[in-house]
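Build me a model:
(one chain, ligands or ions: 2)
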Amino acid sequence: METVTYKCPNCDAGLVFSPEKQSFVCEYCRSVFSEAELEKVEQNSTAAGSPHAVPSGEEAGDAFAAHAALYTCANCGAEVVTDDTTAATQCFYCHNPVVLSGKLSGEYRPQSIVPFAVEKEEVKKRFAEFCRKKHFLRRDFRTEAQAQELAGVYLPYWLIDSRLSAKMDAEGTKIRVWKVGDTEYTETKRYHIRREGYVDFRDFSAAAFSKRTMELARGVLPFDMDKRKPFSMPYLSGFQAEKRSVERMDLQNRIHEEMAQAAGRRLDDSVHGYTTVRKDDLQTSVLQEDWNHTLLPVWLMTYRFREKLYYFAMNGQTGKICGSLPVSGPKLAALFFGVAAGIFALTLLIGGALL
Ligand SMILES: [Zn+2]
Ligand SMILES: [Zn+2]
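Ligands and ions are numbered 1, 2, ... in the order given. Alright, predicted model coming up:
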């Protein structure tokens, strides 16, 4: 649907996704369209012999390549993707200016997306609340200017659906001990245990973005993947996406290993009733798999103070918050002193009780 829904059916202006309305809005004529309505427009225009056909995978990739713009931060090297109606001006990570550095090829087109559900105004409100309770916070962190730095950033993930066949061989024993008079008898029965089966994985996820962004975003997981939509370009309007920097080839061995271990644990769990179990062999093979490049929404704000990076992050779907806050020096020293004094008093009390 990408080639068509990109433009307003009424006036041809660009469409933008609204988290509040969960719909696409024309910024020019103010029309609002649901995903279903846009699909209908698309189908009708196709039926009427419009040159726009429903894009196949390859064509959708081409459309993505035509409308996605890649920006690079000259300071920290961050690579940010947005659509060609949104001009990215500064790096969400270090706040330095970013420059348009080119286009992306169609292979970078995401297959699916979890759209933002929290509006920026709501995030600013939650940010203010988050700061209010923190008495040791540096003052300039909670200013309106700082809140303006909040950026809606889609983070790229790989979601993997797969089926593994797994076969485990083990040796088990059952030991029985009994007494007749003064004689103790021990009976040991040995068993060969085999377990075989299929293990299906759904939405096994792996981050496909930089480690340093992971530092900021780790605390806002998880996401509800069931709310995923097929990707289309207007979702990017007004938002940024970190460019996918981890490829399937980089991850495949590690993911298969993790899946094999998880499958092995499932087989282990089915073995009961033995005194001892010794695992001899586990064989797994991947029968089928589907790697899905998807974007997940996070509100991010960073703040640098004395060479250290502080941040505020919110899950753009669920509203879950995390952050590390810059605290002001003298107030913090007072806190440490208070805690130390508290522990000292406690130690004395315990000491007293022992005597
Ligand atoms: Zn319009
Ligand atoms: Zn930067």
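
The stretch 101-250 of the chain: helices as residue ranges?
Taking DSSP state H, counting those that start in this stretch to define them, one finds helices in the stretch 101-250 of the chain at 120-132, 144-147, 211-217, 248-269.

Name the residues that touch the first one?
When contacts are taken as CB atoms under 8 Å, 6 or more residues apart in numbering, the neighbours of helix 120-132 outside the stretch itself are 137, 141-142, 147, 150, 152, 299, 301, 312, 314, 319, 321, 323, 325. Heads up, the C-betas are built off the backbone N, CA and C, glycines and all.

how does it look with 6 Å?
Outside helix 120-132, the residues that touch it by CB atoms under 6 Å, 6 or more residues apart in numbering are 137, 142, 147, 150, 299, 312, 314.

circling back to that earlier point, in CSV: the helices of the stretch 101-250 of the chain, plus mean pLDDT, mean neighbour count and distance to residue 77.
Formatted as CSV, the helices of the stretch 101-250 of the chain follow (pLDDT from 0 to 100; neighbours: other CB atoms under 10 Å; distance: least, CB to CB, whole Å):
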stretch, mean pLDDT, mean neighbour count, distance to residue 77
helix 120-132, 90, 15, 26
helix 144-147, 79, 12, 24
helix 211-217, 88, 16, 10
helix 248-269, 93, 15, 18
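
re the thing from before, which two of the contacts of helix 120-132 have the greatest separation?
Greatest spacing in the contacts of helix 120-132, by CB to CB: 137 and 299 (18.5 Å).

Those two: which is more packed in?
More crowded of residue 137 and residue 299, by other CB atoms under 10 Å: residue 299, with 27 against 18.

ok, the residue in the stretch 251-355 of the chain positioned nearest to ligand 1 - contacts?
Nearest residue of the stretch 251-355 of the chain to ligand 1: residue 297, at 24.6 Å (CB to the ion). Listed by CB under 6 Å, 6+ apart, the contact set of residue 297 reads 114, 116, 154, 316, 317.

Swap in 10 Å and give it another go.
19, 113-118, 152-155, 220, 223, 235, 239, 241, 314-318 (CB atoms under 10 Å, 6 or more residues apart in numbering).

Format the helices of the stretch 101-250 of the chain as TSV; extra columns: distance to residue 37.
TSV is the format used below for the helices of the stretch 101-250 of the chain (distance: least, CB to CB, whole Å):
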stretch	distance to residue 37
helix 120-132	25
helix 144-147	34
helix 211-217	33
helix 248-269	35
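
Indicate which one of those helices is closest to residue 173.
The closest of these to residue 173 is helix 248-269. By CB to CB, the value is 16.1 Å.

which other residues reach the closest one?
Taking CB under 10 Å, 6+ apart as the rule, helix 248-269 contacts 158, 160, 162-168, 170, 193-201, 204-208, 277, 279, 282-286, 289, 291, 293.

tell me the pLDDT at the residue of the chain most remote from its centre?
Relative to the centre of the chain, and counting by CA atoms, centre = their mean, the farthest-placed residue is residue 181 at 66.6 Å. Looking at residue 181, its pLDDT stands at 94.

how close does it sit to residue 233?
86 Å (CB to CB, to the nearest Å).

Of the contacts of helix 120-132, which belong to strands?
Among the contacts of helix 120-132, the ones falling in strands (DSSP state E) are 299, 312, 314.
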